[in-house]
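> Fold the following.
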Amino acid sequence: MTALPTEELIDILASRIHPVRPLRSPARRVAAWVAISLPWMAFVVLAMGLRPDLPARLEDGRWLMEQAAAAATALTAAHAALGAGIPGRGRKWERIVPLVLLAVWLGTLGHGCFTASHTLGPDSLVLQSDWRCLPGVVVVGLIPAIVIARMISRGVPLAPISTAALGALATAALGEVGLQFFHRADSSLMALIWQGGTVVGLTLLGACVGPRLARGRNEIP
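As a prediction, this is how the structure comes out:
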């Protein structure tokens, strides 16, 4: 194979260069993600019907704290996932914040279990199956998942596993917030096991499919 002269090689490479539109900041893309996701969430909630005890829930400080922690987890995880696709943006703390907020959210659910066990007795710790949580979170998070996956694919994530896990965490946490408006758990323990478990499970699933985000990125035509 004959080696090309340097000048000719440069000309060939230059001819393949196409204009690249720089990505917007992660904060602006998170705002766009939320703007697209909220109408879909509202549609699903209204289609399923508001939970009958919603007015009482809106006056419950602990419930509001749980939803605020879940929403903050979703926003910070989305910000970290979208920021990871920008070369040179190595901010490890952005990936830690969503995990801290996830721990806070799960901690509020756990505190609810502890409080209920002292107030209502052992009956509050009875665990029943609630398979509606998983499809509920998935349906609410369907459009948000598609949108954030498309946004992530436009970047160049150097750590596809953690990036995909953060994207899945953002989607699952946002789906859990929407789920709370039409589905109620009979106890805090059920919320911790089924809803918290669904979010963690979907996050791990996202991490498993993460390497596919990098597939084809390293191929040079």
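> Look up the closest residue to residue 27, ignoring the ones flanking it.
residue 79 (6.6 Å; Cβ to Cβ, 6 or more residues apart in numbering). C-betas here are computed from N, CA, C, even on glycine.
> Spit out the contact partners of that neighbour.
26, 27, 30, 94 (Cβ atoms under 8 Å, 6 or more residues apart in numbering).
> I'd like to know how many residues surround the last one.
Yep, that's residue 94 we're talking about. Using other Cβ atoms under 10 Å, the number of residues around residue 94 comes to 19.
> Next: the second one.
Around residue 27 sit 12 other residues, with neighbours defined as other Cβ under 10 Å.
> so the residue nearest to residue 27 is in which element?
In the assignment (DSSP states H and E), residue 79 maps to helix 61-83.
> Equivalent analysis for residue 208, please.
Assigned by DSSP H and E, residue 208 belongs to helix 197-209.
> got a list of contacts for the one helix or strand residue 30 maps to?
Using DSSP H and E, residue 30 maps to helix 26-48. Residues from elsewhere that reach helix 26-48 (Cβ under 8 Å, 6+ apart): 23-24, 75, 78-80, 82-83, 86, 136, 139-140, 142-144, 147-148, 151, 174, 177-178, 181-183.
> Please repeat the previous calculation with a cut-off of 7 Å.
Contacts of helix 26-48 with the rest of the structure, by Cβ atoms under 7 Å, 6 or more residues apart in numbering, involve 75, 78-79, 82-83, 139-140, 143-144, 147-148, 151, 174, 178, 181-182.
> can you pull out the helices in this structure?
For the chain, helices defined by DSSP state H occupy the ranges 6-15, 26-48, 54-57, 61-83, 93-119, 133-140, 142-153, 160-179, 188-190, 197-209, 211-214.
> Turn those into a markdown table, columns for mean pLDDT.
Putting the helices of the chain into a markdown table (pLDDT from 0 to 100) gives the following:
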| stretch | mean pLDDT |
| --- | --- |
| helix 6-15 | 66 |
| helix 26-48 | 94 |
| helix 54-57 | 89 |
| helix 61-83 | 91 |
| helix 93-119 | 75 |
| helix 133-140 | 78 |
| helix 142-153 | 88 |
| helix 160-179 | 88 |
| helix 188-190 | 53 |
| helix 197-209 | 70 |
| helix 211-214 | 57 |
